[in-house]
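Chemist: what's the 3D shape of this:
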Amino acid sequence: MATGNDTLNNLMASSAAALCSRLCTHPLDTVKTRVQVANTPQHLLPTFLHLLRTGGLYRGLPIALTLSVPGLSVYLTTYDIAKEALSKQFPAHMQDDSVANHMLSAGVAEVCSGLFWTPMEVLKQKQQIETTGSRAASSTSTQQLQPVRMKTLDLAKMIYRREGFAGFYRGYFITLGVFVPYSMLYFASYEQLKQMAWARQKQRGPGATVGTNQDHETLSFMTIVGCAAVACGFAAGVSNIVDVVKTRWQTSVLTKNTELSSTRKIAEAMFQQGGLASFTRGMGARILWMVPSVTISMSTFEWLKSHGFA
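Modeler: Purely as a prediction, here's the structure:
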């Protein structure tokens, strides 16, 4: 049974994992956002080099760190708590190693952590698509969004004046529509891959595991990295279609363009502009960002958790 110290250990481990992951992969997130909101297809390398020249790779990082650390802490800790609670309440159908348990626990974790993720996404993405002049706007084809450079506090005030507190949760339900399936696919795949790794590791003998108590044995660091990378790549690619629409809707918070006033209108405009290919825009950038981001966060979290952070 989980103790208070276990929960504290998980919270501290997940916070450290979130900080490490965001610092390492935020530039890839910025490139992904720029590619997704562009009206015409953008190539990853030119976009990256342009942001590197203009100093925009880490734009939106302060707000991302402020909310992503508690967001990931809630996400990973809630997942562990829900997984244990479901296995105890429904032992016949929700065993700790069942796919149903993993998927439902992931959904609960996503709903809870979305209270932190959504405000972060609204503010961070708007800052990430800001440009420093007409040349930058032309380079990224984001004229439709009429971006203006502003500080996080000024942006937050403007959103509050126009839409109230609800403006910070713009796209909360569509975010859940993106990330609940993503999380379910990710954790189901991740846990199954870990079980396969465990089975293979046990065939090699007890010397292949770390630790002496089975409850504290862990897979090797590189095995966890591999499981997280494969599971994330699969889940990120599948969920990209809805993520493109979500990103465009959230970044339209300060525009008066009626074409961006609803997810349906955004989807229709995207289809008219580029057909079905429009909904795969940014898929490569999303996978390129999410795989290292999730891999770093999960491997760091698993390692710190198993070695007793607190």
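Chemist: sec struct for the residue nearest to residue 219 when sequence neighbours are not counted, please.
Modeler: Once flanking residues are discounted, residue 219 sits nearest to residue 197: 5.5 Å by CB to CB, 6 or more residues apart in numbering. Using the backbone N, CA and C atoms, a C-beta is placed for each residue, glycine as well. Three-state call for residue 197 (DSSP: H, G, I helix; E, B strand; the rest coil): helix.
Chemist: Distance-wise, check residue 197 relative to residue 24.
Modeler: 24 Å (CB to CB, to the nearest Å).
Chemist: Pass me the low-pLDDT residue ranges in the stretch 101-250 of the chain, would you?
Modeler: For the stretch 101-250 of the chain, the stretches with pLDDT under 70 are 130-150, 205-217.
Chemist: please redo it, this time with the cut-off set to 50
Modeler: Confidence mapping of the stretch 101-250 of the chain against pLDDT under 50 gives the ranges 132-148, 208-216.
Chemist: Run a quick neighbour tally on the residue nearest to residue 219.
Modeler: Residue 197 is flanked by 16 other residues according to other CB atoms under 10 Å.
Chemist: Isn't it up against residue 223?
Modeler: Yes. Using CB atoms under 8 Å, residue 197 is in contact with residue 223, at 5.1 Å.
Chemist: Dump stretch 280-293 to CSV, keeping only the CA atoms.
Modeler: Presented in CSV, the C-alpha positions along stretch 280-293 are these (Å, rounded to 0.1, in the frame of the first residue of the first chain):
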residue,chain,number,x,y,z
THR,A,280,-1.0,15.6,-40.4
ARG,A,281,0.9,19.0,-40.4
GLY,A,282,3.5,19.0,-37.7
MET,A,283,3.3,15.3,-37.0
GLY,A,284,7.0,14.8,-37.5
ALA,A,285,7.7,17.8,-35.3
ARG,A,286,5.3,16.6,-32.7
ILE,A,287,6.9,13.2,-32.6
LEU,A,288,10.4,14.7,-32.7
TRP,A,289,9.4,16.8,-29.6
MET,A,290,7.3,14.4,-27.6
VAL,A,291,9.6,11.3,-27.9
PRO,A,292,12.6,12.9,-26.2
SER,A,293,10.4,14.9,-23.9
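Chemist: That stretch: which residues count as buried?
Modeler: For stretch 280-293, the neighbour count (16 or more other CB atoms under 10 Å) marks 281-283, 285-293 as buried.
Chemist: With stretch 99-106 instead?
Modeler: Applying 16+ other CB under 10 Å to stretch 99-106 flags 101-106 as buried.
Chemist: Dump those residues to TSV, plus distance to residue 232 and secondary structure.
Modeler: Putting the buried residues of stretch 99-106 into TSV (distance: CB to CB, whole Å; DSSP: H, G, I helix; E, B strand; the rest coil) gives the following:
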residue	distance to residue 232	secondary structure
101	20	helix
102	15	helix
103	16	helix
104	20	helix
105	17	helix
106	13	helix
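Chemist: can you pull the contacts of residue 86?
Modeler: 94, 101, 104-105 (CB atoms under 8 Å, 6 or more residues apart in numbering).
Chemist: any idea which of those is closest to residue 83?
Modeler: residue 105 (4.3 Å; CB to CB).
Chemist: Wait, that closest one touches residue 79, no?
Modeler: Yes. Residue 105 is in contact with residue 79 according to CB under 8 Å; the separation is 5.2 Å.
Chemist: Return every residue with contacts to both of the two.
Modeler: Joint contacts of residue 105 and residue 79 (CB under 8 Å, 6+ apart) are residue 187.
Chemist: Can you tell me how far the residue nearest to residue 240 when sequence neighbours are not counted is from residue 60?
Modeler: Leaving aside its sequence neighbours, residue 240 sits nearest to residue 283 (CB to CB, 6+ apart; 4.3 Å). Counting by CB to CB, the gap from residue 283 to residue 60 is 21 Å.
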